[in-house]
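Participant: Mind folding the following:
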Amino acid sequence: MHYLKIADDRYCSDELAGLISSGLSLLGLDSYKTIRVNTRSNRISIGFKSLEDANTTRTIAGISPHPRSKTFRSRDVSQFVLDLYSVATTSINNVA
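Facilitator: Alright, predicted model coming up:
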């Protein structure tokens, strides 16, 4: 099994998918249908029901919004997880 190392912790694909699911839910981006993580190639694909949620996720990752695609893709899972939790943590701290 292949792992990705993020902040001195190792994660397999399933663990990363769960982590990403939790982060998206913290931000209210609940319309995802699928989360696919490939730790070997460091890629992620998330299928959304909502175009708005897909574009918000792109914005978090620093990717330009797409006018029609409900699928978010990134070639850097590690950086996306860090970006996602940075935004989620900032969001939670601003609400409290």
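
Participant: Correct me if wrong: residue 33 contacts residue 49.
Facilitator: Yes - at 6.0 Å, residue 33 counts as touching residue 49 under the criterion of CB atoms under 8 Å. Every C-beta, even on glycine, is put in place using the N, C-alpha and C of the backbone.

Participant: Pull up the overlap in contacts between the two.
Facilitator: Contact criterion CB atoms under 8 Å, 6 or more residues apart in numbering; residues shared by residue 33 and residue 49: none found.

Participant: where does the protein dip in pLDDT?
Facilitator: 1, 95-96 (pLDDT under 70).

Participant: Show me where it has its helices.
Facilitator: Using DSSP state H, the helices of the chain run over residues 13-26, 51-60, 77-95.

Participant: got the angle between the second one and helix 77-95?
Facilitator: When you say that, I think you mean helix 51-60. Counting by axes from the mean of the first three to the mean of the last three CA atoms, to 10 degrees, helix 51-60 points 100 degrees away from the direction of helix 77-95.

Participant: quick one: contacts for the closest residue to residue 35 other than its chain neighbours?
Facilitator: Leaving aside its chain neighbours, residue 35 sits nearest to residue 17 (4.4 Å; criterion: CB to CB, 6 or more residues apart in numbering). When contacts are counted by CB under 8 Å, 6+ apart, residue 17 is found next to 35-37.

Participant: how close does residue 17 get to residue 73?
Facilitator: The gap separating residue 17 from residue 73 is 14 Å, by CB to CB, to the nearest Å.

Participant: coming back round to it: quick one, which of the helices of the chain is packed in tightest?
Facilitator: Per residue and on average, the most neighbours among these fall to helix 51-60, with a mean of 19 (mean count of other CB atoms under 10 Å).

Participant: can you list contacts of it?
Facilitator: With CB under 8 Å, 6+ apart, helix 51-60 has contacts from 24, 27, 29-32, 46, 48, 64-66, 68-72, 80, 83-84, 87.

Participant: which residue sits closest to the residue nearest to the spatial centre of the chain in space, ignoring its chain neighbours?
Facilitator: Centre of the chain computed as the mean C-alpha position; nearest residue by CA atoms, centre = their mean is residue 20, 4.8 Å away. Nearest non-adjacent residue to residue 20, counting by CB to CB, 6+ apart: residue 35, 5.5 Å away.
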